[in-house]
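> take a look and give me a structure for this.
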Amino acid sequence: MIFFVLEDKEFWVLLDNTLLNAKEAQDSRTFGPIKTNDIIGRVIYRFLSPSSHGPVASSDDNAEEDSAILELELDIDELEKRH
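The predicted model follows:
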């Protein structure tokens, strides 16, 4: 087993698509840790299961923008059907 020690401002990212195996995933298992500066975007909604999901708390500056995106693009009923 290989272990990684993350340096300051590094992240280990994992794909959570259960339809892919580890060799098909394009995540840190393939390319290693990523630096904070290489992360583009932010999480605005987290869906773990039909009973565990919701908007991710953000700064007040982003809350209005995030709400508009969620209202237009997020179909909760469709997400729940898939799980």
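> which parts of this structure are helices?
Using DSSP state H, the helices of the chain run over 28-31, 60-73, 76-82.
> give me the mean pLDDT for the shortest one.
If I follow you right, that is helix 28-31. For helix 28-31, the mean pLDDT works out to 85.
> now the residue nearest the centre of the chain: how far from Asn21?
The centre of the chain sits closest to Val43, judged by Cα atoms, centre = their mean, with a distance of 5.9 Å. Distance, Val43 to Asn21, by Cβ to Cβ, to the nearest Å: 24 Å. C-betas here are computed from N, CA, C, even on glycine.
> now do Val56
28 Å.
> rewinding a little: show me what contacts the residue nearest to the centre of the chain?
Contacts for Val43 (Cβ atoms under 8 Å, 6 or more residues apart in numbering) come out as Val56.
> distance of it from Asp16?
Counting by Cβ to Cβ, the gap from Val43 to Asp16 is 12 Å.
> what's the least confident stretch among the helices of the chain?
helix 76-82 (a mean of 66).
> burial check on the closest residue to Gly32 other than its chain neighbours, number of neighbours?
In space, and not counting its chain neighbours, Gly32 is closest to Phe4: 7.2 Å by Cβ to Cβ, 6 or more residues apart in numbering. As a burial measure, Phe4 scores 10 neighbours (other Cβ atoms under 10 Å).
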